[in-house]
Structure formats: C-alpha cells, structure tokens
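Peer 1: Okay, sequence plus prediction incoming.
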Amino acid sequence: MSVNVRIPTILRTYTGGQAEVAAEGATLAEVIADLEKNHAGISARVLDDQGKLRRFVNVYVNDDDVRFEQGLETATPDGAGISIIPAVAGG
Amino acid sequence: MAAQTVASTTDTTTAPAAPSVDLGPAVALSCRECGERTPLSPSFACASCFGPLEAAYELPTGDPEALRKAIEAGPESIWRYAPLLPVPADVADKPNLNPGFTRLVKADRLAAELGVTGELYVKDDSGNPTHSFKDRVVAIAVEAARAFGFTTLSCSSTGNLAGAVGAAAARAGLRSCVFIPHDLEQGKVVMAAVYGGDVVAIEGTYDDVNRFCSELIGDPIGEGWGFTNVNLRPYYAEGSKTLAYEICEQLGWRIPDQIVVPVASGSQLTKIDKGLQELIKVGLVEEKPYRIIAAQAEGCSPVSAAYKAGHDVVRPVKPDTIVKSLAIGNPADGPYVLDIARRTGGAVEDVTDEQVVEGIKLLARTEGIFAETAGGVTVGVAKKLLESGVLDPAATTVVINTGDGLKTLDAVAATSGPTATIRPSLDAFRAAGLATH
Ligand SMILES: Cc1ncc(COP(=O)(O)O)c(C=O)c1O
Ligand SMILES: [Zn+2]
C-alpha cells in the first residue's frame, strides 16, 4: 500500500524540508516504521517509549482522527492521505 | 512551572546577533511535557515530543510589596499585570482594546438559591470589549504578532475568538482572516465580520477547522500569518492567567477555595492554574490549597468522560450541543485539565443542554447577569456539584462567566418572551393578571 504523509513543520528536518512524503504500509504502525526507514528519527518523535502515539500528536488517515479508529492499527488503504498534526489550543 | 534561569545559548534577549524580540519578562519557550527550551519564536509544539510550548519567564524576584503597589497603580486592564506577561513594558501605550479588569460580582442571591453559605462570586468576563474572555488572550497574541512581524492576524474559532481577533486586528491596524465552523450562532458570525476582516466558514466541525489551519500554517500560503491559537499559542494562552490575577486581586490578594472554569480546549483552565502558581511564587498571595473544577456540556464532554473513567488521555468526540463555544471534540490541553483537577482535589463535570439553559436563567434571574451558553455550563456544573456534595457550600467559590448572553440568544429565546401582549389599556393590563393593586 502506498500512501502520502503530510509532515508538520517541526518534523521536516527529518524529511529534508519536504512537506509531503510517500510511504508504504497497510496500517499506520507499518507506515511509521517505513517512514523511519527512509527518514531516521521520525518514529521516536511520533511514538513514545512504549511505542504508543504521543498524547499531543494528532494523526489523521483520510480525514479521520485515528483515535476514532484503531489507533496505530488503523488501516491505511492504497492512496490514503495521512496527516500528522500537533495539538492546537482552543478558540 | 516556568523555571527562572535560561541557558545563554537559547536566550535571544541577550544574544547580540539575534534579532531582538522584546516580550518583556518572557525569555524563552519551554515544553510543558519535557521541559526542552527554545528561543522565543512563533512555534507551538516541542520538536522532541509534540508537547505544547509555553512562555518561560524571568519573574520579578524583588520585593512583593513593591510589585503589588505597582500593579495596583497600573491601568484598569490586563496591562496592570504586564510584569507577569509576555509583553513589552510599554504595551499599554500602543493602540489596543485594553481588555480585562472585569467585575467580580458577589452573588448573594445566587448563593442563597444554591445553598452556598460561604462567599460566592461570579467573575463576569462578558464585560470585555468584544464580550468574552477571548479579548484577554488576543491582546497578548497581538503583541507577539507585532514582535514577530506578522501582517495578518488569524485564528480557528468557535466564535468568540473570531470576534476578538477581528476587533483587535482592526484596532492594531493588522489585516485579519479568521476561520469558523459554518454553523455558528448568527451573533458570533456578525461580530466576527463587522470589524472588516475576512471570515471563512468551513464546512465541518471546529476540529476540522483546526486541522485545516494547522495545514495552512505549514504551507507557504501561511507565511506572515499569526494564528493566535496555533503558532502564537504560547503567548496567546498566557492571557488567561490574568483571570487568576484579577480574581485574587479583587478578593484582596487571596486565592479562593474553589473555582469553576468552562473547558473547550482546556487552555484557559490550565493557565488559570499557572497564574495562581505564579502569584504564589512571586509572593503576591499566600500559598493555600485551592480546587479547580472543570465544566463541560454533556454533548461535548471528552474531558469529563476521561475524568470519570480514570483515564489520563482524552478520547476525542464529535460534538452535539447548543454550547457551541465549548464544542471542541479534541481538546489539546485535556490531559492537563485532568492533571489539575486531580492534583487540586477538584473535579470535571458536565451538564445537559437543558441544565445549561436553566443555569443561564438562574444567573440572570438572581444576579442580573446574562451569560452565554458557556456561562450556563459553569453555573449548571456548580449547581450540580453543590447538590452532589462535591463542592463545599461553606467555601469561597468563584464561578466564571466567560461570555455574553447576547451572543447566544437562541438558547433562551424560545422561553424568554413577553409575559403578556396586550392593548394599551388599563383594563387589558388588569385582565392580564399582572397588576398588584
Ligand atoms: C465563551 C467561552 N468560554 C470558554 C471557552 C473555553 O476556552 P478553552 O479552549 O481555553 O478551554 C471558550 C473557547 O472558545 C469560549 O468561547
Ligand atoms: Zn517536549
């Protein structure tokens, strides 16, 4: 499965400044592992010591917050758009 | 808490080569999660852990008595607290809306009705220039926008922030462009638009608006844009500390026992706690236990649900409530609200839309204060927790009303109309049964 991942500004040091990169994987966990292969360091930013999504990061697969889905086990269909976004204050 | 020393390598205020950013006592940004420090800049998330960045200060360490006198002699606005805020010392001299120093109403009739035997107060922030507490946070964000050279002031908003940004930008001579969910109360949409900035209604919920804005900031389109609650958030959020400062000052420099605070993202509540801690630290108030109680509407109560389930993370929800100002299904500071409620022996509670309307009317009927739906939430939660024994009726309690009822007329319009409609005649008035003689 090939997906497009949108990278927030604070992680672009790992992608050579690129705002969007391609990755492979059938689940979000696999996608993050694949990102790590090509952009070493990214995984430790997004996941905590126990390998869980950090509590102040929001990840969307095709507009759906993965916390509404199966978290890291959320399926990432071919062509999916994935966004990694830091939590934002209120308004 | 912000530490008080800063590594010289990250201190832009003393590094001669770096562009000077004068934000008063604020000397760096610090990650609330891992403590990592970065220079003052328009960034909001920690590059190591995604935790929220917040302003770190060199707080006044001198004579508290002198500080207190200086504050008391200051302007009747949030700027009296400039030594504790990320703003330049001459902030009050620039064109701005001078928000804050709103009334603290001793609510004896409400107290009697709720069975409160101690002192009960309503901190009424509907008296701000655009009639919500958002004027406090925006005023600070404007200073940061000026310091970083932004030309457009922006935000994602559930309504009140949009109005505050529109007005503050107009006064400061900045362009504004704000983003709101498409289905807000008309009063809030009009208030956002009347100041002449651009208003973009997004087809989606507030959380969708937020996501869109985050992507806009990461794109070249967003260059030169200061989003009050996104890239300016570390500064913006500090504005809510002034609620804590004012409440304590208005109580004669003492911390109340219990404070009931409405929660959308949880930013305001988190900073009220930070403000109280800072007052203790600089010696303006005596340290004492206090309880912070978080209030949500049942139709959007992810923090309350996490609290009741004993969780320390917040699972997002899709909001469905008349309380649109608090309709944030994915609250960024939710985990801190849980921490603070637990640490202070407080609570997180929610009320139904019916109880919100009841709360609005109760406050209006007893104290002559017309609150927006968020105020109905705090009053409703106070009532509920007094009835269930969680709140102490003998304690000194402050309930915050964050916005004006004129902005959410629909909530009470159906049940608040003329008592009678009559011909202009004495007989007709007598027939309506309202005459007392
Ligand atoms: C009237 C009112 N009260 C309270 C809040 C809650 O603010 P926070 O997101 O800081 O929890 C908001 C936020 O939009 C609001 O408009
Ligand atoms: Zn961090």
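Peer 2: The structure has been received and is ready for your questions. Ligands and ions are numbered 1, 2, ... in the order given.

Peer 1: what ranges do the strands span in the chain?
Peer 2: In the absence of a named chain, chain A is used. With DSSP state E as the criterion, chain A has strands at A:2-6, A:20-24, A:57-61, A:64-65, A:81-86.

Peer 1: not what I meant, chain B
Peer 2: Using DSSP E, strands in chain B cover B:26-31, B:37-38, B:53-57, B:104-106, B:120-124, B:152-156, B:175-181, B:198-202, B:225-227, B:258-262, B:291-297, B:347-351, B:397-401.

Peer 1: For the ones you listed, could you give me JSON lines that also reports mean neighbour count and distance to chain A?
Peer 2: The way it works is simple: take the backbone N, C-alpha and C, and place the C-beta from them, glycine included. Listed next are these as JSON lines, based on neighbours: other Cβ atoms under 10 Å in any protein chain shown; distance: least, Cβ to the nearest Cβ, whole Å:
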{"stretch": "strand B:26-31", "mean neighbour count": "25", "distance to chain A": "10"}
{"stretch": "strand B:37-38", "mean neighbour count": "18", "distance to chain A": "10"}
{"stretch": "strand B:53-57", "mean neighbour count": "25", "distance to chain A": "10"}
{"stretch": "strand B:104-106", "mean neighbour count": "16", "distance to chain A": "23"}
{"stretch": "strand B:120-124", "mean neighbour count": "25", "distance to chain A": "18"}
{"stretch": "strand B:152-156", "mean neighbour count": "28", "distance to chain A": "5"}
{"stretch": "strand B:175-181", "mean neighbour count": "23", "distance to chain A": "8"}
{"stretch": "strand B:198-202", "mean neighbour count": "17", "distance to chain A": "12"}
{"stretch": "strand B:225-227", "mean neighbour count": "28", "distance to chain A": "8"}
{"stretch": "strand B:258-262", "mean neighbour count": "28", "distance to chain A": "10"}
{"stretch": "strand B:291-297", "mean neighbour count": "28", "distance to chain A": "12"}
{"stretch": "strand B:347-351", "mean neighbour count": "26", "distance to chain A": "16"}
{"stretch": "strand B:397-401", "mean neighbour count": "28", "distance to chain A": "15"}
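
Peer 1: Let's have the ones you listed in a markdown table, adding mean pLDDT.
Peer 2: Putting the strands of chain B into a markdown table (pLDDT from 0 to 100) gives the following:
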| stretch | mean pLDDT |
| --- | --- |
| strand B:26-31 | 96 |
| strand B:37-38 | 96 |
| strand B:53-57 | 96 |
| strand B:104-106 | 98 |
| strand B:120-124 | 98 |
| strand B:152-156 | 97 |
| strand B:175-181 | 97 |
| strand B:198-202 | 98 |
| strand B:225-227 | 96 |
| strand B:258-262 | 98 |
| strand B:291-297 | 98 |
| strand B:347-351 | 98 |
| strand B:397-401 | 98 |
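
Peer 1: Using CSV, lay out those strands together with distance to ligand 1.
Peer 2: CSV is the format used below for the strands of chain B (distance: least, Cβ to the nearest ligand atom, whole Å):
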stretch, distance to ligand 1
strand B:26-31, 19
strand B:37-38, 23
strand B:53-57, 13
strand B:104-106, 17
strand B:120-124, 12
strand B:152-156, 10
strand B:175-181, 11
strand B:198-202, 16
strand B:225-227, 14
strand B:258-262, 4
strand B:291-297, 9
strand B:347-351, 12
strand B:397-401, 8
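
Peer 1: Out of those, the one nearest residue A:58 is which?
Peer 2: Nearest to residue A:58, of all these, is strand B:152-156, at 13.5 Å by Cβ to Cβ.

Peer 1: could you say what helices and strands the closest one packs with?
Peer 2: Applying 3 or more Cβ pairs under 8 Å, 6 or more residues apart in numbering or on different chains; DSSP states H and E, one finds that strand B:152-156 contacts helix B:134-148, helix B:160-172, strand B:175-181, helix B:206-217, strand B:225-227.

Peer 1: List the contacts of the spatially closest residue to residue B:111 that is not a sequence neighbour.
Peer 2: Of all residues not flanking residue B:111 in the chain, residue B:120 sits nearest, at 3.9 Å (Cβ to Cβ, 6 or more residues apart in numbering or on different chains). For residue B:120, the contact set (Cβ atoms under 8 Å, 6 or more residues apart in numbering or on different chains) comprises B:106-108, B:110-111, B:114, B:397, B:399.

Peer 1: Pick the one among these closest to ligand 2.
Peer 2: Proximity to ligand 2 was ranked across the contacts of residue B:120 by Cβ to the ion; first place goes to residue B:399, at 33.9 Å.

Peer 1: I'd say that closest one and residue B:262 touch.
Peer 2: No - counting by Cβ atoms under 8 Å, residue B:399 stays clear of residue B:262, with 9.6 Å between them.

Peer 1: Show me the common contact partners of the two, please.
Peer 2: residue B:378.

Peer 1: circling back to that earlier point, enumerate the beta-bridge partners assigned to the residue nearest to residue B:111.
Peer 2: Applying DSSP bridges to residue B:120 gives these bridge partners: residue B:397.

Peer 1: Output the lowest mean pLDDT helix or strand found in chain A.
Peer 2: strand A:64-65 (a mean of 89; mean pLDDT, DSSP states H and E).

Peer 1: Which neighbours in the sheet does that one have, and how are they oriented?
Peer 2: By DSSP bridges, strand A:64-65 pairs with strand A:57-61 (antiparallel).

Peer 1: Can you give me the neighbour number for residue B:411?
Peer 2: Applying other Cβ atoms under 10 Å in any protein chain shown, we find 23 residues neighbouring residue B:411.
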